[in-house]
Each structure stands twice: as structure tokens, then as C-alpha cells.
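Engineer: turn this into a model:
(one chain, ligands or ions: 2)
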Amino acid sequence: MNDIVAEAKSKFSEFLENNNNRKTHERFAILEEIYTNQNHFDAETLYVQMKKSAYRVSRATVYNTIDVLLECNLIKKHNFGQNVSFFEKTYGIKAHHHIICTQCKAVEEFEDPQINDACNNISSSKNFKLEDISLNLFGICHLCMKT
Ligand SMILES: [Zn+2]
Ligand SMILES: [Zn+2]
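Structural biologist: Numbering: from 1, shown residues only. Ligands and ions are numbered 1, 2, ... in the order given. Prediction:
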């Protein structure tokens, strides 16, 4: 288990304690699955993945744990232009943006300091405390353009 996973687990543990929430093995197994194996995922995919693991968890537990993880900011929610929400771990992850192909649904990540600078400038000019930037570019990827 690497440091990020261990630290995410201790943050989660602290959050559950402070909120009088149950610390179950299932919840930590879900957190570990997200932090070790998942990049961008939807709840159903995570549920299927958990079914294959040693911990058999119910669909309700997966959905409920996702809600708790959102609450304590260990994951964030993305709109990738589909009917389902996608999620992504946040801890130990560099801030990045997404390029989403509307045909094959591929999601690519990119970083651009200039975009971040621009957002910081806009925020300070509006006396706004910037907490997060979410930028999704929708279009057709180079593979789909060929076909
Ligand atoms: Zn594509
Ligand atoms: Zn991402």
C-alpha cells in the first residue's frame, strides 16, 4: 500500500469519526479500490469492480460510500457529458483538466499553467476566493475523426 492510499485512509477515518459515521471494512475497501485502481469511474463500474474483489459489497454501500467520499473531498464529481456522473480521486492528484470525446467517450487529461493563471487573475479581480477549477473540453478525438 503506498503513502497516498494510507493517507487517504487516515483522512477518511478521521472524517467518519468526526461525523459519527460507521467505520466499516467495506467503506475502506471501496476507498482503497478507488485510490489504487480507478482513474475516472462511474458508480456502476466501481460496483462491478468491487464484486470481483475479496470484499463483497452491496450496490447501496457503493453509492452511499461515494456520497461520503464526496462530502469529505476525497473524490470529486465530473460531468463528462453522459447521463451518469463520473468521479475521480482528489488526494495526491495534480490539478488537471479534461478533454472528452463525445463519440468514443475517451477522457484525456491535460495541464496548462496559463489556464490556471488566467483563472487566478479573474478570481482576484472579482475578489473571489478560487477553490477549484473544472474545465472540460468536448469534441471529437483524432481516432474518431479518422473513421
Ligand atoms: Zn473518440
Ligand atoms: Zn482526471
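Engineer: near ligand 2, which residues of this protein?
Structural biologist: Within the chain, the residues that sit near ligand 2 (Cβ under 5 Å from the ion) are 88, 109. For every residue, glycine as well, the C-beta is placed using N, CA and C.
Engineer: show me where the chain has its helices.
Structural biologist: Ranges of helices in the chain, per DSSP state H, are 3-18, 25-37, 43-52, 59-71, 113-125, 142-146.
Engineer: and the longest one, which residues are buried?
Structural biologist: Buried residues in helix 3-18, counting neighbours by 16 or more other Cβ atoms under 10 Å, are found at 5, 8-9, 12, 15-16.
Engineer: who's in contact with residue 58?
Structural biologist: For residue 58, no contacting residues are found, by Cβ atoms under 8 Å, 6 or more residues apart in numbering.
Engineer: that one and residue 142: what is the separation?
Structural biologist: As judged by Cβ to Cβ, to the nearest Å, residue 58 and residue 142 stand 41 Å apart.
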